[in-house]
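Chemist: Sequence plus predicted model, see below.
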Amino acid sequence: MPKLSRSRTAVYLVFLIIMWGVNWPLSKFALEYTPPLLFAGLRTCIAGLLLILVALPRFRELRFRQNWPIYLISSLLNIVLFYGFQTIGLGYVPAGLFSAIVFLQPVLLGIAAWLWLGEGMSGKKLIGLLLGFLGVAAISIGGLAGHIAPEGIFLAIGSAVAWTLGTVYMKKTSGRVDTLWMTAIQITIGGIVLLASGAVVEDWTAIRWEPVFIYDMLFISVFVIALGWLTFFKLIGSGEASKVGSFTFLIPLIAITCSVLFLGEHVTLNLAAGLVLIVLSILLVNGKQRRLAARSSSTAQS
């Protein structure tokens, strides 16, 4: 996949961070109207079907007979396990703690990209990734109040691991599949599995089909899932996975800012401390690469 320009990368990153940040309060609000698994299945099915409609003019790029194992594995990791573990796990532990554990993913992604994708790993980069995770933990520390069950901890770790493996797998196979079809098919397959699971264990009549819920679900389906995952995979396919991962540490910050503005939550010292750690993380993870690139450029010119 060709590299994105710096300006386009910046636009994609800003869009992704904002959309995935507002997803947390929007999803929390939607769960007042619907059971969790049915909601997860509905929003992913809608997103997948929309992407399939967009991808239809490029039908030849689908190559389903050749690529179906890639679609299936990616769907299992990025959608079924990632969303499934989240949906179930939030019933066992507070949301703040759960999100902090899930955002161990950028640290795991940096290590996995070093081991399996051949990306560079320095002490400074590793420290940066760890600082980012500590920043997310500091922001989410309020969620430690409440009942904590071991099952929830394991499901949160499972969600982070599934997302990490799915991202690495997508990066390794990005040259063999069309990004749009990959995103559309994996979201659709995952949505069908989640919806079928919800239909078995939950009650359709429990959904309150009020306009505010429908608007919320459609926004999440289109902007958070369909366009969000497409943007994420474009960034991963065209750049270093660990660099993209470091910016996702900002997502909980956006989520909590939206909660402060729209849900009446309060700014705390933890939020300020977490922001400082996240900014330091991004500078450490990305700063050395810029210096190395500048050094290589000056060497080539001399």
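Modeler: In hand now; what should we look at? What you see is a predicted model; the values in this text were computed from it and never measured.
Chemist: Which strands and helices lie in contact with the helix or strand containing residue 212?
Modeler: Using DSSP states H and E, residue 212 maps to helix 211-219. Applying 3 or more CB pairs under 8 Å, 6 or more residues apart in numbering; DSSP states H and E, one finds that helix 211-219 contacts helix 6-30, helix 36-55. Backbone N, C-alpha and C define where each C-beta goes, glycine included.
Chemist: the inter-axis angle of that helix versus helix 36-55?
Modeler: Here the directions of helix 211-219 and helix 36-55 differ by 50 degrees (axes from the mean of the first three to the mean of the last three CA atoms, to 10 degrees).
Chemist: which parts of helix 211-219 are buried?
Modeler: Neighbour counts over helix 211-219 (16 or more other CB atoms under 10 Å) mark 213, 216, 217, 219 as buried.
Chemist: Throw the helices and strands packed on helix 211-219 into JSON lines and include mean pLDDT and distance to residue 152, thanks.
Modeler: What follows is the helices and strands packed on helix 211-219, written out as JSON lines (pLDDT from 0 to 100; distance: least, CB to CB, whole Å):
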{"stretch": "helix 6-30", "mean pLDDT": "85", "distance to residue 152": "16"}
{"stretch": "helix 36-55", "mean pLDDT": "94", "distance to residue 152": "14"}
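Chemist: mind listing the helices for the stretch 101-250 of the chain?
Modeler: 105-116, 123-140, 150-173, 179-201, 211-219, 227-238, 241-247 (DSSP state H, counting those that start in this stretch).
Chemist: same for the first one, what does it pack against?
Modeler: This means helix 105-116. helix 123-140, helix 150-173, helix 241-247.
Chemist: what about residue 20, distance to residue 150?
Modeler: Distance of residue 20 to residue 150, given as CB to CB, to the nearest Å: 27 Å.
Chemist: do residue 22 as well
Modeler: 31 Å.
Chemist: Repeat that for residue 279.
Modeler: Counting by CB to CB, the gap from residue 279 to residue 150 is 33 Å.
Chemist: Which residue of these two possesses the greater neighbour count?
Modeler: Neighbour count, other CB atoms under 10 Å: between residue 279 and residue 150, residue 279 has more, with 16 against 9.
Chemist: so where is the stretch 51-200 of the chain shaky, pLDDT-wise?
Modeler: Confidence mapping of the stretch 51-200 of the chain against pLDDT under 70 gives the ranges 93-100, 139-148.
Chemist: hmm, back to that, from the helices and strands packed on helix 105-116, which stretch is densest packed?
Modeler: helix 241-247 (a mean of 25; mean count of other CB atoms under 10 Å).
Chemist: For that helix, enumerate the helices and strands it packs against.
Modeler: Where contact means 3+ CB pairs under 8 Å, 6+ apart, helix 241-247 is packed against helix 6-30, helix 105-116, helix 123-140, helix 150-173, helix 227-238, helix 269-301.
Chemist: which one of these lies closest to residue 84?
Modeler: Comparing the helices and strands packed on helix 241-247 against residue 84 with CB to CB, the closest turns out to be helix 150-173 (8.4 Å).
Chemist: Restrict the closest one to CA atoms and write it as PDB.
Modeler: Listed next in PDB are the C-alpha coordinates belonging to helix 150-173 (Å, rounded to 0.1, in the frame of the first residue of the first chain):
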ATOM      1  CA  PRO A 150     -11.100 -11.700  37.500                       C
ATOM      2  CA  GLU A 151     -13.300 -12.600  34.400                       C
ATOM      3  CA  GLY A 152     -13.500  -9.000  33.500                       C
ATOM      4  CA  ILE A 153      -9.700  -8.500  33.700                       C
ATOM      5  CA  PHE A 154      -9.100 -11.500  31.500                       C
ATOM      6  CA  LEU A 155     -11.700 -10.300  28.900                       C
ATOM      7  CA  ALA A 156     -10.100  -6.900  28.800                       C
ATOM      8  CA  ILE A 157      -6.700  -8.400  28.200                       C
ATOM      9  CA  GLY A 158      -8.200 -10.700  25.600                       C
ATOM     10  CA  SER A 159      -9.700  -7.700  23.800                       C
ATOM     11  CA  ALA A 160      -6.300  -5.900  23.700                       C
ATOM     12  CA  VAL A 161      -4.500  -9.100  22.500                       C
ATOM     13  CA  ALA A 162      -7.200  -9.700  19.800                       C
ATOM     14  CA  TRP A 163      -6.900  -6.100  18.500                       C
ATOM     15  CA  THR A 164      -3.100  -6.300  18.500                       C
ATOM     16  CA  LEU A 165      -3.000  -9.600  16.600                       C
ATOM     17  CA  GLY A 166      -5.700  -8.400  14.200                       C
ATOM     18  CA  THR A 167      -3.800  -5.200  13.400                       C
ATOM     19  CA  VAL A 168      -0.500  -7.100  12.800                       C
ATOM     20  CA  TYR A 169      -2.300  -9.600  10.600                       C
ATOM     21  CA  MET A 170      -3.900  -6.800   8.600                       C
ATOM     22  CA  LYS A 171      -0.500  -5.100   8.200                       C
ATOM     23  CA  LYS A 172       1.100  -8.400   7.000                       C
ATOM     24  CA  THR A 173      -1.700  -9.100   4.500                       C
END
